[in-house]
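[1] mind looking at a prediction? Sequence and model below.
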Amino acid sequence: MTAAFAKAPPPFGRVRLQPIADLDSRAWRRVAIHFRDPEIAFLNGTPPNRMPLWLLRRVLRADARRPDRATFGIYDEHDDYIGTVELYDIRAHEATLGIIIGERSHWNHGYGPEAIACILGYAFDDLGLERVKLHTFADNPRAQAAFRKVGFRELRRVAVPGGRVDVQMDLPRFVWYRERAQHAVRHEADQAEVVDGGA
Ligand SMILES: CC(C)(COP(=O)(O)OP(=O)(O)OC[C@H]1O[C@@H](n2cnc3c(N)ncnc32)[C@H](O)[C@@H]1OP(=O)(O)O)[C@@H](O)C(=O)NCCC(=O)NCCS
């Protein structure tokens, strides 16, 4: 279980996470815009948020104190706020992942998997979970592709009311450690190539 307010995990690639309780007012304005966006709400399977900023902030900050939830803001390499990632329903051995890259300019550029890698480090290294699972929709192939990139596998598809199909995926701890080790090897090889190329 988490403490009241999670601590920031180490950065990954271009991305760093910050506990939602620590966001500044500029970031909170972006959160409100992301949560109000009808396309993002549809992709997420929730109605667009209509709360005024002060109330949204109060609700999310209160949520962040829950021991079964860890919510982070996502910042890019320019320190711009680009979205939100969280673990919810945190239990002894598993939790559920949710992510919104709210800035369209950042879709399809690999920021999602980097943010997911950050929070998976938190899930497996800090919380000691055995498995992280998630739900997405079959009509969101970008999300499925991004989740597969970090090692999630599809478990099942379930038709849900409203005519959409819920795609359930999970990532066991051992698979994450294997993926992370392979990523480190690839990264070292890339670095060596850069050094050789420059020599
Ligand atoms: C889903 C999300 C987290 C993915 O992060 P991302 O940084 O955009 O993803 P990536 O750039 O790493 O990868 C997306 C992949 O999907 C592919 N893709 C994009 N649109 C696609 C489509 N319509 N069909 C098939 N593949 C598609 C991209 O080509 C890319 O693959 P590649 O890197 O091999 O070329 C992010 O886009 C997002 O938050 N979107 C809005 C909200 C949302 O959908 N949240 C998830 C709800 S479960």
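    Great, that's in hand.

[2] any idea whether residue 142 is helix, strand or coil?
    Counting by DSSP: H, G, I helix; E, B strand; the rest coil, the backbone at residue 142 sits in helix.

[3] next one: it from residue 148, what distance?
    According to Cβ to Cβ, to the nearest Å, residue 142 stands 11 Å off from residue 148. All C-beta spots, glycine's among them, are computed from the backbone N, C-alpha and C.

[4] give me phi/psi at residue 174?
    Here the main-chain torsion angles of residue 174 (degrees, to the nearest 10) amount to phi -70, psi -30.

[5] same check, this time on residue 136
    phi -140, psi 180.

[6] what about it, how many residues nearby?
    Residues contacting residue 136 under the criterion other Cβ atoms under 10 Å number 25.

[7] run through the bridge partners of it.
    residue 167 (DSSP bridges).

[8] any idea which helix or strand carries residue 158?
    strand 153-160 (DSSP states H and E).

[9] same check on residue 191?
    Short version, using DSSP H and E: residue 191 is in helix 173-198.

[10] give me the mean pLDDT for that helix.
    For helix 173-198, the mean per-residue pLDDT is 86.

[11] how about the residue nearest to residue 134 when sequence neighbours are not counted, what does it touch?
    Beyond its immediate neighbours in the sequence, the residue positioned closest to residue 134 (Cβ to Cβ, 6 or more residues apart in numbering) is residue 97, lying 4.5 Å away. Contacts were defined as Cβ atoms under 8 Å, 6 or more residues apart in numbering; by that measure residue 97 touches 85-87, 116, 119, 123, 132-134.

[12] tell me the phi and psi of residue 10?
    Geometry field for residue 10 lists phi and psi as phi -60, psi 150, criterion degrees, to the nearest 10.

[13] who touches stretch 72-80?
    Residues beyond stretch 72-80 that count as contacts (Cβ under 8 Å, 6+ apart) turn out to be 6, 8-9, 14-20, 22-23, 27, 31, 81-86, 101, 103, 106, 111, 115, 118-119.

[14] make it 7 Å
    With Cβ atoms under 7 Å, 6 or more residues apart in numbering as the test, stretch 72-80 has contacts from 6, 14-20, 23, 27, 81-86, 106, 111, 115, 119.

[15] count of neighbours near residue 184?
    10.

[16] look up how far the ligand lies from it.
    Counting by Cβ to the nearest ligand atom, to the nearest Å, the separation of residue 184 from the ligand is 19 Å.

[17] that's a strand at residue 95, yeah?
    Yes. Under the criterion used here (three-state DSSP), residue 95 sits inside a strand.

[18] so it touches residue 85, yeah?
    No. Counting by Cβ atoms under 7 Å, residue 95 stays clear of residue 85, with 12.0 Å between them.

[19] isn't residue 114 right up against residue 16?
    No. Between residue 114 and residue 16 no contact is recorded; they are 9.4 Å apart, counting by Cβ under 7 Å.

[20] closest residue of the protein to the ligand?
    Across the chain, the shortest distance to the ligand (Cβ to the nearest ligand atom) belongs to residue 112, at 2.1 Å.
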